[in-house]
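S.K.: one predicted model, sequence on top.
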Amino acid sequence: MLAKALTDTESDAVELPLTVVPRGLHQVKNESAAFSDENAEKNFSVNLPPNADARARNFKIEVAPSIAGTLFGALDYLTTYPYGCTEQTMSSFLPNVIVTQALKNVKTSSIRDSNDLPKKVKKGMDRLYAYQHNDGGWGWWKDDQSDPFMTAYVVSGLTLAKQNGYEPDDNRIASGREKLKQMLDSGTTEAGTQIDLETRAFMVYALAESGDADGRYVEKIVSERGNLQPYGRALLALTLKQRKDDRRAREVAAEIEKSVSADDFSAYWSSSRKAMLDLSETNDTEATALSLKALARIKPDSPVLPKVARWLVSNRHSGYYWESTKDTAFAILGLMDYLKISRELSPDYDVEVYLNGENVLTEHISSATASQTFSINRKATEVAATNEIRVVKRGKGVVYCSSSLDYYSGEDEVPARGSADLNLTREYFRLNVVEDGYKLKWKAEPLSGAIHSGDMLVVKLTLNGAKARHVMIEDPIPAGAEQVESVGNLNLDYTTGRDWTDWYSSREFRDNRTVFFLDYFDGKATYQYAMRVQVPGEFRVAPARAELMYRASTQSNTASGKMAFLERK
């Protein structure tokens, strides 16, 4: 929008950019690879569907000579993630602390000036304080029950901040430690569920790291170590190392080495969560990151370490970050320990990148540039429908490359998509005032006829599928309407009727969308909220979408829509 005030003597003008949300469904395609041969060439392609919106395309290629460069790129994802439960706050706060440490330890590392790390760490700590429960623990949200894993995660993170020169409130850590001890003694969550062995290993590790862990907690984990998954085994090794029990730490580290799945190039550990805290059926990324961290601290000469680091970086399913905020945070946590003991910061090679035959990058990589990330960016019509990428390397060292293609489908009408695991539908109702004896009350009725400015509407979102944990629903609103927190005596949050609306963990009203977060989804749920029609006009309504927050590949969307609002006469 451009406004000018022009005269013969004095003039002024102001121009304000206005973001236009593309129609269609937002999609991202990613590729990543790592290779270390002295003379190597890799080819891969990332292609757009025929209907992709030409004005809403972003294509990014990144080449990093070391683990350091790949980690700094992942920070942007974590620090710009638009939502903030306790886990997401921790998973942004913790890597900022880790990177602060990296900037001290790796002299050639650098990060953009706009990343004010101390400010972000302070903001993260303040938010974590606000989310702490009266019993000293933390849940996934501000008002839910204290959770064993989340309490351990925050206690460990605040301790790490203290070790890196920040000043968290010691009383917050102390009360978190007391809650961890209480839950370990009881052996159950507040809901009465048995705390699984992997989570107990994390709780004991957090106690050991933040002060000391009662020996009986440690010995109980040791006595059950034959039943530990790689995730818990790595945490036990780190706990023993923290307690200066070097003999048993080395024994567990040897077990970690023997259980690795490896080939000539990469290595990883397969691990799964028990049902109590099932974020996903497997948690290979976290298990591999923690195993890498344990070996780097206990057996820094282990030959498997470079292979593990390569597996982690090569398995960034989202291009420059991992599948979720939590996976990304743990990957950074493990890779930073590897970076301290590796020799990756001494490469000597030439690298060239070609995009559709055009040479877009030529660099000589040496120690002076080892921690840098080299990026190629293309936008809108600069992004071709077919994108062939070729990376050529000559010399000693490792190349980590990734690409991310961000676009919107250009369909005029987006169809609904879902599966038996997750299926979302959206309906609109009109709120009318009706007589109830001698009283007036609001009543939601099927939407019909013209819609005018000032009308009240209700949006009903119904989710069906398999039982799951940690689900997010995003529902874009028509640009001519605004959400309403409450409407008279109509309860839009919860009712006793199972068929109308269910409990959610958190709800957020944003400028252009409404977002629901569910800690538990039992297979069927309905959510609703109200909107007031304000601006007359004809509007497209983007699809509502639902996804499992820690298995983003499981998702569903409704069809797009159109709504016309008339001026009230």
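M.R.: Noted; the coordinates are in hand.
S.K.: so what's residue 90 up against?
M.R.: 124, 128, 150, 153, 154, 157, 329 (CB atoms under 8 Å, 6 or more residues apart in numbering). Glycine gets a C-beta too; all of them are placed from N, C-alpha and C.
S.K.: for residue 228, state which of these is nearest.
M.R.: Taking CB to CB as the measure, residue 228 lies nearest residue 153 of these, at 18.6 Å.
S.K.: next up, the contacts around the closest one.
M.R.: So residue 153 contacts 86, 87, 90, 138, 202, 206 (CB under 8 Å, 6+ apart).
S.K.: again with residue 189
M.R.: Counting by CB under 8 Å, 6+ apart, residue 189 makes contact with 145, 147, 148, 183, 195, 276.
S.K.: name the element the fourth one belongs to?
M.R.: Under the criterion DSSP states H and E, the helix or strand holding residue 183 is helix 170-186.
S.K.: let me see the mean pLDDT of that helix.
M.R.: For helix 170-186, mean pLDDT rounds to 96.
S.K.: give the buried residues for it.
M.R.: Applying a neighbour-count criterion of 16 or more other CB atoms under 10 Å, the buried positions in helix 170-186 are 172, 173, 175, 176, 177, 179, 180, 181, 183, 184.
S.K.: so the last one makes contact with residue 206?
M.R.: What it means is residue 184. No - between residue 184 and residue 206 there is no contact under CB atoms under 8 Å: 10.5 Å.
S.K.: biggest separation within the contacts of residue 90, which pair?
M.R.: Using CB to CB, the contacts of residue 90 reach their maximum pairwise distance at 124 and 150, which is 14.5 Å.
S.K.: what's the lowest-pLDDT member of the contacts of residue 189?
M.R.: For these, the weakest pLDDT value sits at residue 276, with 46.
S.K.: run the chain-centre distance for stretch 540-554.
M.R.: 14 Å (CA atoms, centre = their mean, to the nearest Å).
S.K.: what's the first-to-last distance across it?
M.R.: One end of stretch 540-554 sits 26 Å from the other (CA to CA, to the nearest Å).
S.K.: can you check stretch 340-351 too?
M.R.: So stretch 340-351: terminal residues 24 Å apart, CA to CA.
S.K.: mean confidence (pLDDT) on the helix or strand hosting residue 78, please.
M.R.: According to DSSP H and E, residue 78 maps onto helix 67-79. Throughout helix 67-79, pLDDT has a mean value of 71.
S.K.: chain center to stretch 198-216, what's the gap?
M.R.: Using CA atoms, centre = their mean, the offset of stretch 198-216 from its chain centre is 26 Å.
S.K.: sitting in helices, which of the contacts of residue 189 do you find?
M.R.: The helices, defined by DSSP state H, take in 148, 183 from the contacts of residue 189.
S.K.: buried ones among the contacts of residue 189?
M.R.: Counted by 16+ other CB under 10 Å, these give 147, 148, 183, 195, 276 as buried.
S.K.: what stretches of the protein score poorly on pLDDT?
M.R.: 72-73, 75-76, 79-80, 99-116, 273-282, 317-320, 343-345, 371, 488-491, 493-502 (pLDDT under 70).
S.K.: the most centrally placed residue in it: what's it in contact with?
M.R.: Closest to where the C-alpha atoms of the chain average out (CA atoms, centre = their mean) is residue 325, at 2.5 Å. For residue 325, the contacting residues are 77, 78, 81, 87, 88, 91, 92, by CB under 8 Å, 6+ apart.
S.K.: JSON lines for those residues, including secondary structure and distance to residue 242?
M.R.: Shown next, in JSON lines, are the contacts of residue 325 (DSSP: H, G, I helix; E, B strand; the rest coil; distance: CB to CB, whole Å):
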{"residue": "77", "secondary structure": "helix", "distance to residue 242": "30"}
{"residue": "78", "secondary structure": "helix", "distance to residue 242": "26"}
{"residue": "81", "secondary structure": "coil", "distance to residue 242": "30"}
{"residue": "87", "secondary structure": "helix", "distance to residue 242": "23"}
{"residue": "88", "secondary structure": "helix", "distance to residue 242": "27"}
{"residue": "91", "secondary structure": "helix", "distance to residue 242": "22"}
{"residue": "92", "secondary structure": "helix", "distance to residue 242": "25"}
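S.K.: JSON lines for the residues you listed, including distance to residue 218 and neighbour count?
M.R.: What follows is the contacts of residue 325, written out as JSON lines (distance: CB to CB, whole Å; neighbours: other CB atoms under 10 Å):
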{"residue": "77", "distance to residue 218": "35", "neighbour count": "18"}
{"residue": "78", "distance to residue 218": "32", "neighbour count": "21"}
{"residue": "81", "distance to residue 218": "35", "neighbour count": "16"}
{"residue": "87", "distance to residue 218": "26", "neighbour count": "25"}
{"residue": "88", "distance to residue 218": "30", "neighbour count": "20"}
{"residue": "91", "distance to residue 218": "27", "neighbour count": "26"}
{"residue": "92", "distance to residue 218": "31", "neighbour count": "24"}
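S.K.: can you name the two of these that are farthest apart?
M.R.: 77 and 87 (14.5 Å).
S.K.: and which of the contacts of residue 90 is nearest residue 428?
M.R.: The closest of the contacts of residue 90 to residue 428 turns out to be residue 150 (CB to CB; 36.3 Å).
S.K.: I figured the closest one hits residue 87, correct?
M.R.: Yes - proximity of residue 150 to residue 87 meets the contact threshold set by CB under 8 Å, at 6.5 Å.
S.K.: give the residues shared as contacts by those two.
M.R.: residue 140.
S.K.: hmm, back to that, need the contacts of residue 153 in TSV (columns: distance to residue 21 and secondary structure).
M.R.: Shown next, in TSV, are the contacts of residue 153 (distance: CB to CB, whole Å; DSSP: H, G, I helix; E, B strand; the rest coil):
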residue	distance to residue 21	secondary structure
86	29	helix
87	27	helix
90	30	helix
138	34	coil
202	40	helix
206	42	helix
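S.K.: from these, which is closest to residue 233?
M.R.: The closest of those, once distances to residue 233 are taken by CB to CB, is residue 202, at 11.8 Å.
S.K.: give the burial count for that closest one, as a bare number.
M.R.: The tally of other residues near residue 202 (other CB atoms under 10 Å) stands at 26.
S.K.: helix/strand/coil for the closest residue to residue 415 other than its chain neighbours?
M.R.: Nearest residue to residue 415, sequence neighbours excluded (CB to CB, 6 or more residues apart in numbering): residue 559, at 5.7 Å. Under the three-state scheme (DSSP: H, G, I helix; E, B strand; the rest coil), residue 559 adopts coil.
S.K.: for residue 393, same thing?
M.R.: Assigned state for residue 393: strand (three-state reduction, three-state DSSP).
S.K.: and for it, the neighbour number?
M.R.: Using other CB under 10 Å, residue 393 has 26 neighbouring residues.
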